[in-house]
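Engineer: Build the 3D model from these lines:
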Amino acid sequence: MSLIEICKRARAGSIELAKLSTETKDRALCHMANALEANTDKIIEENSRDAEAARSKGMKPALLDRLTLDKRKIETMARCLREVSSLPDPVGEIIKTWTRPNGLIIGQMRVPMGVVGIIYESRPDVTSDAAGICIKSGNAVILRGGSDAINSNLAIANVLRGALSGAGVPEDAIQIISSTEHNVAEEFMGMREYVDVLIPRGGADLIKAVIKKARIPVIETGTGNCHVYVEEDADLENAVRIVVNAKCQRPGTCNAAEKLLVHTRVAQRFLPIVVKALRKEGVEIRGDEQTVKIITDAKLATEEDWYTEYLDLVISVKVVEDLNGAIAHINKYSTKHSESILTSDFNKALRFIREVDSAAVYWNASTRFTDGNQFGLGAEIGISTQKLHARGPMSVQHLTTTKYFVFGSGQIRT
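Structural biologist: This next block holds a predicted model:
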């Protein structure tokens, strides 16, 4: 099918989808979840082809982990769809109403955006998550995944499309672009007549390319140069647990910690124990000059390191003078995703939360929780690192816009 036909079908599907009841959409989501589980073996078979090809190309283990599916991951995908079905339907929600002196009653209502385009890399679970969130929020979706996961994405999308028709939802509400050619992706970015918003999910290069080339409004997501800052009054034993979790639990995710900042007054005590724990997990340590004086076999960090999202078992460490230095460093180098302060002082934590300009700011917790599911939002469409129109994990309510409705009784303007 040609790209223009895909876009036309998505637009037509979005019009029908916007009319459907909450019950119909929720039934479709449950059908989609059941279909994923019923086709687990088929999906894993197609995914194994992608994983083997990626392995032969030398894909990093952390990224290979994101690409590879197994029965547990598919069960998680299905569970996320069911969780989305249980969320309140944002479509038709009346946000507020007010009455003007002339008697006009004015209100705002949530409505679907229309057609949502998703351009993403080697994460086949995005196919399911994005489709589910779009269906719940009344939007058609056009999926354009990367070449590394093309067999997986096609298998998942075809299973989901098949589940829609049996639930009274037009299967054209879910579209997938089978071509992995760059020129097709660039053509897709220009389909402003048919696509209302474009959401890229992937690494920095992908996101920059979409922002630069798209003619469709873009919600910037995902790049996570995340920081953990250890204050002088932090519980150091707890801090080690948090830092190791933030870095190592899934290093290929955008909410994994890439940088560790440590107050100068605890650096001598804390760095040896946290570095020992990180190295036990296979983490490479890069540090500023003060860090290298304490951890003498650490690699000296470059200016580029402070800007880099590694998505790997690598972390850069900097010793800072105080809270001022930590906040200044984060606001300079962060991608405005997720940052955490470890301290026993509420006022320091509050200042950090207020002054650090990121989508999610933590006190005494791992950055790994920046996730729609972990925040109780169900599956997520992405994590927005910009300020318009949504910020942080985006779920069903973030894929709606508003319109005004006005009730009159014959008023005219004079």
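Engineer: Count the neighbours of V228 for me.
Structural biologist: 28 (other CB atoms under 10 Å). Placement of C-beta: from N, CA and C, glycine included.
Engineer: Which element, helix or strand, includes it?
Structural biologist: In this structure, V228 sits in strand 226-230 according to DSSP states H and E.
Engineer: G138 now?
Structural biologist: Under the criterion DSSP H and E, no helix or strand holds G138.
Engineer: can you pull the contacts of it?
Structural biologist: For G138, the contacting residues are 14, 17-18, 20, 25, 91, 111-112, 400, by CB atoms under 8 Å, 6 or more residues apart in numbering.
Engineer: Let me see the backbone angles for it.
Structural biologist: Per-residue torsions, G138: phi 80, psi 20 (degrees, to the nearest 10).
Engineer: and the gap between it and F346?
Structural biologist: As judged by CB to CB, to the nearest Å, G138 and F346 stand 42 Å apart.
Engineer: May I have the secondary structure class of L311?
Structural biologist: Secondary structure state of L311, per DSSP: H, G, I helix; E, B strand; the rest coil, is coil.
Engineer: which non-adjacent residue is nearest it?
Structural biologist: Of all residues not flanking L311 in the chain, G252 sits nearest, at 5.0 Å (CB to CB, 6 or more residues apart in numbering).
Engineer: so that neighbour makes contact with R66?
Structural biologist: Yes: the criterion here is CB atoms under 8 Å, and G252 meets it with R66 at 5.1 Å.
Engineer: where exactly do the helices run in the stretch 301-414 of the chain?
Structural biologist: Ranges of helices within the stretch 301-414 of the chain are 303-307, 323-333, 346-355, based on DSSP state H, counting those that start in this stretch.
Engineer: Strand partners (parallel or antiparallel) of the strand holding V228?
Structural biologist: Sheet pairing here is set by DSSP bridges, and for strand 226-230 it gives strand 257-263 (parallel), strand 338-342 (parallel).
Engineer: Hey, what's the angle from the shortest one to helix 346-355? Just curious.
Structural biologist: Put simply, strand 338-342 runs at 170 degrees to helix 346-355, going by axes from the mean of the first three to the mean of the last three CA atoms, to 10 degrees.
Engineer: What about the residue lying closest to R144 once chain neighbours are set aside, how many residues nearby?
Structural biologist: Take R144 and drop its neighbours on the chain: the residue closest to it by CB to CB, 6+ apart is I177, 4.3 Å away. Each residue near I177 was counted by other CB under 10 Å, and the total is 24.
Engineer: so who does I177 touch?
Structural biologist: Counting by CB under 8 Å, 6+ apart, I177 makes contact with 3, 6, 142-144, 184-185, 188.
Engineer: Now a ChimeraX select for only the buried ones of those.
Structural biologist: Typed into ChimeraX, the line below selects the buried ones among the contacts of I177, using 16 or more other CB atoms under 10 Å:
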select :3,6,142,143,144,185,188
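Engineer: thought I6 was touching Q175?
Structural biologist: Yes: shown here, I6 and Q175 form a contact pair, counting by CB under 8 Å, at 4.8 Å.
Engineer: Need the overlap of contacts for those two.
Structural biologist: Contacts common to I6 and Q175, judged by CB under 8 Å, 6+ apart, are I142.
Engineer: model confidence over the strand holding V228, on average?
Structural biologist: What strand 226-230 shows for mean pLDDT is 98.
Engineer: what's the answer for stretch 358-375, then?
Structural biologist: Mean predicted confidence for stretch 358-375 is 95.
Engineer: same deal with stretch 5-13?
Structural biologist: Mean pLDDT, stretch 5-13: 98.
Engineer: Please apply the same query to stretch 62-71.
Structural biologist: Stretch 62-71 carries an average pLDDT of 91.
Engineer: hmm, which helix or strand of the protein has the shakiest average pLDDT?
Structural biologist: helix 61-67 (a mean of 88; mean pLDDT, DSSP states H and E).
Engineer: List the buried residues of that one.
Structural biologist: Across helix 61-67, burial judged by 16+ other CB under 10 Å covers 62-64, 66-67.
Engineer: can I have it written out in PDB, keeping just the CAs?
Structural biologist: The C-alpha coordinates for helix 61-67 follow below in PDB (Å, rounded to 0.1, in the frame of the first residue of the first chain):
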ATOM      1  CA  PRO A  61      23.500  -5.600  24.600                       C
ATOM      2  CA  ALA A  62      21.400  -2.900  26.200                       C
ATOM      3  CA  LEU A  63      19.800  -2.000  22.900                       C
ATOM      4  CA  LEU A  64      19.400  -5.700  22.000                       C
ATOM      5  CA  ASP A  65      17.500  -6.100  25.300                       C
ATOM      6  CA  ARG A  66      15.000  -3.500  24.200                       C
ATOM      7  CA  LEU A  67      14.600  -5.200  20.800                       C
END
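Engineer: Check what contacts it and list those residues.
Structural biologist: Applying CB under 8 Å, 6+ apart, the set of residues contacting helix 61-67 is 47, 50-51, 54-55, 59, 122-124, 148-149, 152, 250-253, 311-313.
Engineer: Generate a ChimeraX selection restricted to the buried subset of these.
Structural biologist: Per 16+ other CB under 10 Å, the buried members of the contacts of helix 61-67 correspond to this ChimeraX selection:
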select :47,50,51,54,59,122,123,124,148,149,152,251,252,253,311,312,313
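Engineer: Please narrow the contacts of helix 61-67 to those residing in helices.
Structural biologist: In helices, defined here by DSSP state H, the members of the contacts of helix 61-67 are 47, 50-51, 54-55, 152.
Engineer: Could you find which two of those are furthest from each other?
Structural biologist: Within the ones in helices among the contacts of helix 61-67, R55 and S152 form the most distant pair, 14.0 Å apart (CB to CB).
Engineer: before we move on, back to that, out of the contacts of I177, which one sits closest to L81?
Structural biologist: Ranked by distance to L81 (CB to CB), the contacts of I177 are led by L143 at 15.0 Å.
Engineer: neighbours around the residue lying closest to that closest one once chain neighbours are set aside, how many?
Structural biologist: Closest residue to L143 apart from its sequence neighbours, by CB to CB, 6+ apart: I176 at 4.5 Å. Each residue near I176 was counted by other CB under 10 Å, and the total is 22.
Engineer: Repeat that for V396.
Structural biologist: 28.
Engineer: The chain should start at 26 in everything you say after this.
Structural biologist: All set: I'll call the first residue 26, so the last point we hit is now V421.
Engineer: any idea how far it lies from I175?
Structural biologist: Separation of V421 from I175 (CB to CB) stands at 27 Å.
Engineer: what's the answer for R125, then?
Structural biologist: For R125 relative to I175 (CB to CB), the value is 54 Å.
Engineer: Please consider this matter closed, and thank you.
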